[in-house]
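In: sharing a model that was predicted from the sequence below.
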Amino acid sequence: MTLTAADLTEGAVLPTLSIPPISRTTLALFAGASGDHNPIHIDLDNAKSAGLDDVFAHGMLSMGYLGRYLTDLVPQESLRDFHVRFTAITPVHGAPTCHGTVSAVRTEDGQQIADLDLTVTLEDGTVTLAGGAQVVVPGA
């Protein structure tokens, strides 16, 4: 779903993107695709030796989901900035949801730019990723 200028107004709450629960298969596939084979993400014994109950998702997997969310909302060429910080782990079987709100809309170099506040949360409300983006407002 691509948003329009009417959707990107200051204070607007954007549609969410719900991701299915993260499986061990997802973690193994992401490790292979990304080259990040850190055993804390794929080896239960390693995770337990670090004092954890189980493995957890790569932070960059959640960032990838958030990037997908953004490019579902606006065309890729509209993206001007995308930044995040990792705030909590996503446990195996956690189901992330991507959220966004428009914090400001301004004119810059003759283009309307929307500032987006972005988060990825778990079912219990834990924020695992917080960040933002700046996008050119389509059709403005």
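Out: Good, I have the coordinates. Nothing here was measured: the structure is a model prediction, and the numbers come from that model.
In: run through who's touching stretch 45-57.
Out: 22, 24, 26-27, 30, 39-44, 89-92, 94 (CB atoms under 8 Å, 6 or more residues apart in numbering). Glycine gets a C-beta too; all of them are placed from N, C-alpha and C.
In: what about those, which are in helices?
Out: 24, 26, 27, 30, 44 (DSSP state H).
In: distance-wise, check the closest residue to the first one other than its chain neighbours relative to residue 8.
Out: Sequence neighbours aside, residue 92 is the residue nearest to residue 24 in space, at 6.1 Å (criterion: CB to CB, 6 or more residues apart in numbering). Counting by CB to CB, to the nearest Å, the separation of residue 92 from residue 8 is 35 Å.
In: ok, these two, which is more surrounded?
Out: Taking neighbours as other CB atoms under 10 Å, residue 92 and residue 8 compare with residue 8 leading, 25 against 20.
In: count of residues packed around residue 125?
Out: Neighbours of residue 125 using other CB under 10 Å come to 6.
In: that's all I had, so thanks and see you.
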